[in-house]
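Peer 1: I need the structure of the sequence given here:
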Amino acid sequence: MSKNVKIANIELTEFPLLLAPMEDVSDPPFRALCKEQGCDMLYTEFISVEGLIRDAHKSLQKLDIYDEERPIGVQIFGAELDSMMKAAEIVENAKPELLDINYGCPVQKVVCKLAGAGILKDIPKMIKLTEAVVKSTNLPVTVKTRLGWDDNSIHIEEVAERLQDIGIKALSIHARTRAQMYKGHSDWSWISKVKNNPRIHIPIFGNGDINSPQKALEYKNKYDVDGMMIGRASIGYPWIFREIKHYFNTGELLAPPSIQERISAAKTHLMNSIKWKGEKLGVLEMRRHYTNYFKGLANIKDYRILLVTESNPIILYEILDRMNEEMCHEIFELSA
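Peer 2: Here you go, the predicted structure:
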């Protein structure tokens with residue numbers, strides 16, 4: 001008989017869908033939309049521990065958590081023991097449900113400091129840092145990582161055991177190496193090996209290339225994971241969570257969101273983005289989302305140009321309202 005997944009004392013659904021931490025994406029306005037569409041567990045953007053302990057405004061702002069988002073995890077990244085421990089204390093004061101450590105970010109500016117996926121070159125240090133964080137907080141500690149540095153150094157099976165032994169409560173695995181970045185094939189067979197290791201008893205979540213309900217069900221059945229973490233497929237398309245759940249439950253594809261739904265979501269996202277970040281930054285950082293909100297819509301090009309060049313929020317709302325009036329009968333191309 002199936003039972004709900006638990007991370008320490010946090011009870012989730014039978015097969016939870018998690019929102020991946022994404023820099024400049026997984027902020028409160030975006031998380032709220034994903035939660036509304038059925039996401040079971042949210043995470044903040046990843047936060048620099050050096051920024052946290054130095055009271056950097058941008059880092060501290062990322063600790064903003066709202067009750068309607070719960071359960072939520074705060075994700076941190078860093079490479080220095082003392083900084084990681086001090087940051088863990090700061091995170092605990094923000095009162096999330098858990099603290100997640102990023103050992104997976106492949107971006108050079110993070111990796112060059114031996115943080116994120118950079119630490120995959122030094123597994124003993126990864127274990128030492130993680131153990132120190134586990135001991136310095138009362139929050140459950142989880143980890144997100146990759147298979148290894150490159151194809152010649154895939155040690156995820158050993159890493160999973162060692163991380164579990166020092167007290168982490170769940171492990172999310174992006175099924176690529178650092179060398180792959182976000183390209184090429186994600187190999188979930190390694191995640192399955194971890195999950196089917198009889199020594200492993202913590203939840204194992206798969207991440208990488210889940211971009212449709214059909215693929216989600218295929219990977220759920222094939223790789224034995226406890227749940228899935230979804231990242232890029234949710235950008236501008238928070239409906240991916242409800243579509244996957246509907247397909248799991250019924251075997252049928254849910255109709256895609258209407259133009260009215262998409263415009264309503266874009267307006268809500270813009271409004272909350274301005275409210276949280278201020279007008280200038282809120283408008284600017286929304287631009288990355290418009291393409292996906294309206295992907296597949298015929299005759300969208302002229303509107304998209306207006307949306308990504310206009311800086312006045314009032315005019316942006318007017319553009320979206322005009323789209324609603326003029327395009328309410330348009331059909332999305334599912335293949336787009």
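Peer 1: can you verify my assumption that Y303 contacts L316?
Peer 2: No. Applying CB atoms under 8 Å as the test, Y303 and L316 come out as separate, 11.0 Å apart. Every C-beta, even on glycine, is put in place using the N, C-alpha and C of the backbone.
Peer 1: and those two? Which one has more around it.
Peer 2: Shown here are Y303 and L316; by other CB atoms under 10 Å, L316 has more neighbours (21 against 18).
Peer 1: helix or strand right after the helix or strand hosting G73?
Peer 2: Element membership for G73 (DSSP states H and E) is strand 72-77. With elements assigned by DSSP H and E, the helix or strand that comes after strand 72-77 is helix 81-93.
Peer 1: now that following helix: average pLDDT?
Peer 2: Regarding helix 81-93, the rounded mean pLDDT is 95.
Peer 1: same question for stretch 49-67.
Peer 2: Stretch 49-67 comes out at a mean pLDDT of 91.
Peer 1: quick one: contacts of it?
Peer 2: 27-28, 32, 44-45, 47-48, 72, 74, 76-78, 80, 83-84, 86-87, 90-91, 94-96, 276 (CB atoms under 8 Å, 6 or more residues apart in numbering).
Peer 1: try it again with 6 Å
Peer 2: Identification of contacts with stretch 49-67 by CB atoms under 6 Å, 6 or more residues apart in numbering yields 28, 44-45, 47-48, 72, 76, 78, 83-84, 86-87, 90, 94, 96.
Peer 1: closest one to A115 out of those residues, please.
Peer 2: G78 (5.4 Å; CB to CB).
Peer 1: my guess is the closest one contacts A115. True?
Peer 2: Yes. In this structure G78 lies within contact range of A115 using CB atoms under 6 Å: 5.4 Å.
Peer 1: so what's I202 up against?
Peer 2: Per CB under 6 Å, 6+ apart, neighbours of I202: Q164, K169, A170.
Peer 1: so where does L99 fall, helix or strand?
Peer 2: Using DSSP H and E, L99 falls within strand 98-103.
Peer 1: how much space separates T44 from E252?
Peer 2: 34 Å (CB to CB, to the nearest Å).
Peer 1: the two - which one has more neighbours?
Peer 2: T44 (26 against 9).
Peer 1: lowest-scoring secondary structure element of this protein by mean pLDDT?
Peer 2: helix 108-111 (a mean of 70; mean pLDDT, DSSP states H and E).
Peer 1: next structured bit after it?
Peer 2: helix 123-135.
Peer 1: kindly export that next one (C-alpha atoms) in CSV.
Peer 2: Taking C-alpha atoms only, helix 123-135 is exported to CSV below (Å, rounded to 0.1, in the frame of the first residue of the first chain):
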residue,chain,number,x,y,z
ILE,A,123,33.7,14.6,-1.8
PRO,A,124,35.4,14.5,1.7
LYS,A,125,34.9,18.3,1.9
MET,A,126,31.3,17.9,0.9
ILE,A,127,30.7,15.4,3.7
LYS,A,128,32.5,17.6,6.2
LEU,A,129,30.5,20.7,5.3
THR,A,130,27.2,18.9,5.3
GLU,A,131,27.9,17.3,8.7
ALA,A,132,28.8,20.7,10.2
VAL,A,133,25.5,22.2,8.9
VAL,A,134,23.5,19.2,10.2
LYS,A,135,25.1,19.7,13.7
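Peer 1: and it, what does it pack against?
Peer 2: helix 81-93 (3 or more CB pairs under 6 Å, 6 or more residues apart in numbering; DSSP states H and E).
Peer 1: picking up where we left off before, ok, of the contacts of I202, which one's closest to I127?
Peer 2: Nearest to I127 among the contacts of I202, with distances taken as CB to CB, is Q164, at 10.9 Å.
Peer 1: helix or strand for that closest one, which one?
Peer 2: helix 156-165.
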